[in-house]
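J.: only geometry, no sequence info:
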Ligand SMILES: [Fe+2]
Ligand SMILES: [Fe+2]
């Protein structure tokens, strides 16, 4: 009994939203009947099994705004679906807009749960016979909008959703279950097209208001023409280059482990945006005089650490997505700034390690963990003297295992298997990047030349030498 009460108390808002959704799906009849109540019970069960658990995972559970966005879309979607249904019937892709928006802004799993929730609630209130068409076309919307990166791709969703409904109507006609209605078929084809345009039209407003961004919105933000990134390139070119490199590493690693590569890329572009405030204090932007030479290690640490606070302020002011904002403090987690800590120790200052620690929090989701790793790897790789494939691999492995052993990744959801894959991907990209810097093995050249010198055919020997030197030159120039 106590458990039931606690459960009701914990989920009271969900119960209210589901109830309001069922009532709105029955609009304008607002009478609460026994049949409406039974539909409500079924809807609550579906919500609690297929929707709530999917939105209660990281990173969505970190921000209440995800749940509130879902509630608003469910309520507005229910009312809108009912209005469309009264005008155009059940086959007008009733749930296209809310399901597509949830798929774009949250993820495919929540959208699939919502497809079942909407279809069952609607069909129980109306005509059970049409359940396959309504459910399948809504599932198609949920599945095909999830990975959209360009606006035009939503046309494919509209085409698939319309085809599924028309296919169902034709099937019903041939199985003699119902007459073929041209008007109904035309609505089934046209409505998803119109609703897909409406979805894209409303998307930027929701993104701006909720700070929850779709992949389309993220791609637009992660464009190097973005004003904030342009400022970074002018005021802190070193940080700008570093951020672009971190973005490349993070995107590839996220892709490899099945995390959100677009989020990783965009968040990486903005992770050090706070360095815009005092760019000349950061290694990558220092050209001649190092301002830290004149400062105490503790003060240097405080100035460097300030880029996290400044970054959050800039991100909030420019309304960057909540997950991008999260990455700003999380990319340093609670790590110690060892350089200034050791400098303080060398100067004989009695300061504890904790005084050189970033405030955190530790990375809270996979993409934030990947950016922490990419950030550390990029900074270390940049200062490598003679990079070879072996040295790059050792460096990457050392940094990844170091951060793992510091327990900075404990809350990120990254597994050891993920770390292995991330390490491989970082090594591959860095080795490719350093190709032009990797020295050509000189002993090999000497050996080839001396072998050629043993040959009796002098002309051929000369030719071989020339070709080898040419190859050598081109390898070094690559
Ligand atoms: Fe940073
Ligand atoms: Fe960084």
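T.: Structure received. Treat the numbers as computed from the prediction; the structure is a model and nothing was measured. Residues are numbered from 1 along each chain as shown. Ligands and ions are numbered 1, 2, ... in the order given.
J.: got any ranges where the stretch 201-350 of the chain has weak pLDDT?
T.: The stretch 201-350 of the chain contains no residues with pLDDT under 70.
J.: so which bits of it are right by ligand 2?
T.: Residues of the stretch 201-350 of the chain found near ligand 2, taking CB under 5 Å from the ion as the criterion, are residue 272. Where you see a C-beta, it was placed from the backbone N, CA and C, and this is true even at glycine.
J.: in the stretch 201-350 of the chain, what residue lies closest to ligand 2?
T.: residue 272 (4.2 Å; CB to the ion).
J.: tell me how many other residues surround that residue.
T.: By other CB atoms under 10 Å, the residues close to residue 272 number 26.
J.: nearest spatial neighbour of it, chain-adjacent residues omitted?
T.: residue 239 (5.2 Å; CB to CB, 6 or more residues apart in numbering).
J.: so who does that neighbour touch?
T.: Residues counted as contacts of residue 239 (CB atoms under 8 Å, 6 or more residues apart in numbering) are 232, 272, 275, 279, 282, 284-285.
J.: who touches the residue in the stretch 351-478 of the chain that ligand 2 sits nearest to in this structure?
T.: In the stretch 351-478 of the chain, the residue found nearest to ligand 2 is residue 375; the distance is 4.1 Å by CB to the ion. When contacts are counted by CB under 8 Å, 6+ apart, residue 375 touches 246, 268, 271-272, 331-332.
J.: report pLDDT for it.
T.: Note on residue 375: pLDDT of 97.
J.: circling back to that earlier point, just send the contacts of residue 375 back as TSV, with secondary structure too.
T.: Output for the contacts of residue 375, formatted as TSV (DSSP: H, G, I helix; E, B strand; the rest coil):
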residue	secondary structure
246	helix
268	helix
271	coil
272	coil
331	coil
332	coil
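J.: isn't residue 99 up against residue 138?
T.: Yes - counting by CB atoms under 8 Å, residue 99 touches residue 138, with 5.5 Å between them.
J.: what touches both of those two?
T.: Common neighbours of residue 99 and residue 138 (criterion: CB under 8 Å, 6+ apart): 115, 118.
J.: and the two? which has more neighbours close in?
T.: More neighbours surround residue 99 than the other of residue 99 and residue 138, with 33 against 28 (other CB under 10 Å).
J.: just the element for that one, please.
T.: Using DSSP states H and E, residue 99 sits in helix 96-105.
J.: what number of residues lie near residue 154?
T.: Neighbours around residue 154, by other CB under 10 Å: 25.
J.: who's in contact with it?
T.: Residues near residue 154 by CB under 8 Å, 6+ apart: 100, 145, 148, 196, 199-200.
J.: assign a three-state SS to it, would you?
T.: Residue 154 ends up helix, using three-state DSSP.
J.: check contacts around residue 231.
T.: So residue 231 contacts residue 276 (CB under 8 Å, 6+ apart).
J.: now it: how far from residue 225?
T.: 12 Å (CB to CB, to the nearest Å).
J.: now do the strands in the stretch 51-200 of the chain.
T.: With DSSP state E, counting those that start in this stretch as the definition, the stretch 51-200 of the chain shows no strands.
J.: nearest spatial neighbour of the closest residue to ligand 2 within it, chain-adjacent residues omitted?
T.: Residue of the stretch 51-200 of the chain nearest ligand 2, by CB to the ion: residue 59 (20.1 Å). Of all residues not flanking residue 59 in the chain, residue 365 sits nearest, at 3.8 Å (CB to CB, 6+ apart).
J.: right, I'll leave it there.
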